[in-house]
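**Q** A predicted structure for the sequence below; I have some questions about it.
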Amino acid sequence: MDLLGLLHLDELSHGLANMSMFPFFDMAHYIVSILALREQPGALEVSRVSPLACWFSSMLFCFGGAVLSAVMLAEPVVAPLSNSTGVLLASITWYLVFYCPMDLVYSCAALLPLRLVLSGMKEVTRTWKVLGGVAQAHGKYKDSLLVMIAIGWAKGAGGGLISNFEQLVRGVWKPETNELLKMSYPTKITLIGAVLFALQQTHYLPLRTHHLMLVYTVFTVVNKSRMMLTGSSGSPFAVIELAIYKTLFTGHSPYAALTGEVKKACLDRGETNGTASPAGTKEKTTPVPPVKGGRGSLKAKEESEDADATNCKKIN
Amino acid sequence: MDLLGLLHLDELSHGLANMSMFPFFDMAHYIVSILALREQPGALEVSRVSPLACWFSSMLFCFGGAVLSAVMLAEPVVAPLSNSTGVLLASITWYLVFYCPMDLVYSCAALLPLRLVLSGMKEVTRTWKVLGGVAQAHGKYKDSLLVMIAIGWAKGAGGGLISNFEQLVRGVWKPETNELLKMSYPTKITLIGAVLFALQQTHYLPLRTHHLMLVYTVFTVVNKSRMMLTGSSGSPFAVIELAIYKTLFTGHSPYAALTGEVKKACLDRGETNGTASPAGTKEKTTPVPPVKGGRGSLKAKEESEDADATNCKKIN
Amino acid sequence: MDLLGLLHLDELSHGLANMSMFPFFDMAHYIVSILALREQPGALEVSRVSPLACWFSSMLFCFGGAVLSAVMLAEPVVAPLSNSTGVLLASITWYLVFYCPMDLVYSCAALLPLRLVLSGMKEVTRTWKVLGGVAQAHGKYKDSLLVMIAIGWAKGAGGGLISNFEQLVRGVWKPETNELLKMSYPTKITLIGAVLFALQQTHYLPLRTHHLMLVYTVFTVVNKSRMMLTGSSGSPFAVIELAIYKTLFTGHSPYAALTGEVKKACLDRGETNGTASPAGTKEKTTPVPPVKGGRGSLKAKEESEDADATNCKKIN
């Protein structure tokens, strides 16, 4: 990429590409991941009731990507445990975040300036993980772009993708939502990264590896910092996403009217009930929004029903 | 099998055995599978809320057998994704069925005559899948009939067997039912096919492979067509099943009276409560029918309770 | 270990180490496991509704350890099925326990003296399984103590660790509890065994293998018998556990007061609501005890709420 060469960024990108993630960046990843676990509802109680379940959950937060990609490639899922140094570092972090006297470690790490730095460093590790996953899949399945994207995505965003099962370890079960139904920002940015690196590795994207690493890393770090500072959780791709969605996925089916209103369950219900079902859908369609179809937890159900009721009142 | 030879069916069976599933039969399998997904309650809403979850669900419907058998044999579960042509065909089908302008593709494919042909072709692919699974297991575990049956069954009926987890992708969780607790017709016919092919491969069944393929294929296609035309969902083996069940699985236990009445929860309750528990069952036994034991969804619960109440009134 | 040598126990330990588990000890393991399944709430009803689901559940009770360790090491999960003799023995046991005329087999096996002997023999198989798992992991991951412990634990207590998924086969789903959140006695003793054997195999524990086998086997058998005879389910390590817990996992966090009272949800609630949340926990924390967070089953919920209500009345 000549532009980068002109800007004298070539050395910078080489330097970045040769940087070792161990120990500082890995450590930042462990800290930020375990802070995120601690801030899950109910996680602190679990840490008192069963330190072992809490530890196992922490390891899934830290090594979820390695575990998921191992499952997908039929490699031993215990392999991450054989990385003794990593597990030791993550375990010490887990202990200090949850059980440190006076809660010192958590209080410090949760301070915005420190957390900003740690989160930025964690974003850097994402680049390495995605690239590692894509390269590993490239070695096994030469010509399959889809496998490369899948493994790169799994390595980089594994913790999120397996969150249903991670929650199960803590006794929480929320079938009505998952990262495929409603993607969070980290999962989305990792998917984009996996696509880019897969295209780059198969030479569809005319970029050198270390240049793409620099661009992607800078983008993720800057964007993460911006989101933390402004407190916004909006995706920077919202406009593009909406355009793609409107172009490709609305069609002219009897359900097209749903498009702009997927969140208004009441309206959905009215329309669904009022419209003749298309031929073949003989089963009674559940008129509730699909993301709440599972109803694993009564609490979630109650909340969703409350929300529905409120919406209905506003509309009718 | 001399009978087939006499009937000049030998060439026909050879012709069938040498027929390629790609592309027409595979295509029919994808279309029928994705139609089935679209007709699941809530699937259309998911297709609007999250095209990615819908696509992933479709791939599980189309390649569920390959995924499940890969898990069972510790082979990479991403392998089906590396079959680029298959995934591409299935993805195009998915897109057209869910998002085609004017809903043209779904409306056409759901017409009875076309659907009858497509379903027949899909049944043909079942023979190939079951045989493929049995042969693959035969190569790895020479003398294990059970492994051969298990892999053949998984390959042929994988989509159904993993339905709990496929539903989870769409945010639906129904723990109270699965294909082992209440087998559907396709799962049953695939199990029978897997047993037959396993017996044939180990020479317990004195038949040539292509003859068995012909017989099994004709049986499944004819039976499927009959079921679609008459709208019956009754298994053609109901009589045999009941005879086997009554002979083997009723015993003379205190619960024997349950046998003929497994569906009448009221009666079950009365008897269970009235009978002394056998020694050892100290836990409070739940007097509700086990297929509803899980109670994952409140809705399912309510429905089941309504049904119970109705039954009770009828009986008492 | 000179002490054992002095006591002339060397020959005994050699004899034990060379003893074959097949067929008598394996048989005892199958019988005790399937008795335990039959005594699960709802299992008898499942055995009438779907013998296949019941058989599959029984196999998971009998071979759960082999299945779980196969998953963890990326070996075929169908491998246990290829052990034809074992599966045949377990299947015969399953049939006799659930469907024997007059319920003779269950009535006999459930008699205390016979059950005591069978349970003792089952405990002996635990030693072999744990050692087998540790040795297998030692062969693959030379220097990783954690992997050795994990595989030994999985082999020895697999049935318990995968109980969530075993229950799912029977249509039961209890996400609010699992063996990591609330360890049962067999899971705990197996974990201790796995730790001891892993330390022994890596020479951190200066003991000969057959000596450790003798000591561990005697301890588990004696302890199991004691528990069955006294009807106590208390762990013999309760004091040590409490000491470790108090030392390591209480900290001085705002939640420290929870420590001694993790079971009294009412008090927890009051304190949690009354205490300022630590910085960062912006999500609404669920004030219910985490082990019940999932609420997969309405029944469980009702029971837990009853219990809560009772506690509240006692306290307030």
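**A** Nice, I can see it.

**Q** Give the buried residues for stretch A:109-123.
**A** A:109-110, A:115, A:118-123 (16 or more other CB atoms under 10 Å in any protein chain shown). (Each C-beta comes from the backbone N, C-alpha and C, glycine too.)

**Q** From the chain's centroid, how far away is that stretch?
**A** 18 Å (CA atoms, centre = their mean, to the nearest Å).

**Q** if we can go back for a sec, pLDDT added to the buried residues of stretch A:109-123, as CSV?
**A** Converted to CSV, the buried residues of stretch A:109-123 look like this (pLDDT from 0 to 100):
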residue, pLDDT
A:109, 94
A:110, 93
A:115, 96
A:118, 97
A:119, 96
A:120, 96
A:121, 96
A:122, 96
A:123, 96
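
**Q** I'd like those laid out as JSON lines, including secondary structure.
**A** Below are the buried residues of stretch A:109-123 laid out as JSON lines (DSSP: H, G, I helix; E, B strand; the rest coil):
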{"residue": "A:109", "secondary structure": "helix"}
{"residue": "A:110", "secondary structure": "coil"}
{"residue": "A:115", "secondary structure": "helix"}
{"residue": "A:118", "secondary structure": "helix"}
{"residue": "A:119", "secondary structure": "helix"}
{"residue": "A:120", "secondary structure": "helix"}
{"residue": "A:121", "secondary structure": "helix"}
{"residue": "A:122", "secondary structure": "helix"}
{"residue": "A:123", "secondary structure": "helix"}
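
**Q** What is the most widely separated pair among those?
**A** Farthest-apart pair in the buried residues of stretch A:109-123 is A:110 and A:123; separation 17.9 Å (CB to CB).

**Q** which other helices and strands contact the strand or helix carrying residue A:44?
**A** For residue A:44, the host element (DSSP states H and E) is helix A:43-49. Under the contact criterion of 3 or more CB pairs under 8 Å, 6 or more residues apart in numbering or on different chains; DSSP states H and E, helix A:43-49 touches helix A:24-38, helix A:51-72, helix A:84-99.

**Q** Give me the three-state assignment for the residue in chain A positioned nearest to chain C.
**A** Closest contact between chain A and chain C, by CB to the nearest CB, is at residue A:173 (3.3 Å). Assigned state for residue A:173: coil (three-state reduction, three-state DSSP).

**Q** State the distance from it to residue C:177.
**A** 11 Å (CB to CB, to the nearest Å).

**Q** between those two, who's got more neighbours?
**A** Applying other CB atoms under 10 Å in any protein chain shown to residue A:173 and residue C:177 shows that residue A:173 carries more neighbours, namely 26 against 16.

**Q** pretty sure that one is touching residue C:178, no?
**A** No - contact criterion CB atoms under 8 Å: residue A:173 and residue C:178 do not qualify, at 10.5 Å.

**Q** near chain B at all, stretch A:203-221?
**A** No - under the criterion of CB under 8 Å from any CB of the partner chain, chain B is not reached by stretch A:203-221; the shortest gap measures 14.1 Å.

**Q** Run the chain-centre distance for that stretch.
**A** The mean C-alpha position of stretch A:203-221 is separated from the chain mean by 20 Å, CA atoms, centre = their mean.

**Q** Buried ones in it, by neighbour count?
**A** Burial within stretch A:203-221, assessed by neighbour count using 16+ other CB under 10 Å, is assigned to A:207-208, A:210-221.

**Q** hmm, back to that, can you add distance to chain B and give the buried residues of stretch A:109-123 back as JSON lines?
**A** Formatted as JSON lines, these follow (distance: CB to the nearest CB, whole Å):
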{"residue": "A:109", "distance to chain B": "33"}
{"residue": "A:110", "distance to chain B": "32"}
{"residue": "A:115", "distance to chain B": "30"}
{"residue": "A:118", "distance to chain B": "30"}
{"residue": "A:119", "distance to chain B": "26"}
{"residue": "A:120", "distance to chain B": "28"}
{"residue": "A:121", "distance to chain B": "29"}
{"residue": "A:122", "distance to chain B": "24"}
{"residue": "A:123", "distance to chain B": "23"}
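
**Q** how deep is the residue lying closest to residue A:170 once chain neighbours are set aside tucked in, by neighbour count?
**A** Spatial nearest neighbour of residue A:170, excluding adjacent residues (CB to CB, 6 or more residues apart in numbering or on different chains): residue A:46 at 4.8 Å. A total of 25 residues lie near residue A:46 under the criterion other CB under 10 Å.

**Q** for residue A:92, same thing?
**A** By other CB under 10 Å, the residues close to residue A:92 number 12.

**Q** do the same with residue A:63
**A** Around residue A:63 there are 24 other residues, counting by other CB under 10 Å.

**Q** I'd say it and residue A:86 touch.
**A** Yes - using CB under 8 Å, residue A:63 is in contact with residue A:86, at 7.5 Å.

**Q** just to revisit the earlier point, to residue B:57, which of the helices and strands packed on helix A:43-49 lies closest?
**A** helix A:51-72 (17.4 Å).

**Q** and the angle for that closest one with helix C:51-72?
**A** Relative orientation of helix A:51-72 versus helix C:51-72 (axes from the mean of the first three to the mean of the last three CA atoms, to 10 degrees): 90 degrees.

**Q** between helix A:51-72 and helix A:84-99, how big is the angle?
**A** 140 degrees.

**Q** quick one: whichever helix or strand comes after helix A:51-72 to chain centroid distance?
**A** Tracing the chain C-terminally past helix A:51-72 and defining elements by DSSP H and E, one meets helix A:79-82 next. Distance, stretch centre to chain centre, for helix A:79-82: 22 Å (CA atoms, centre = their mean).
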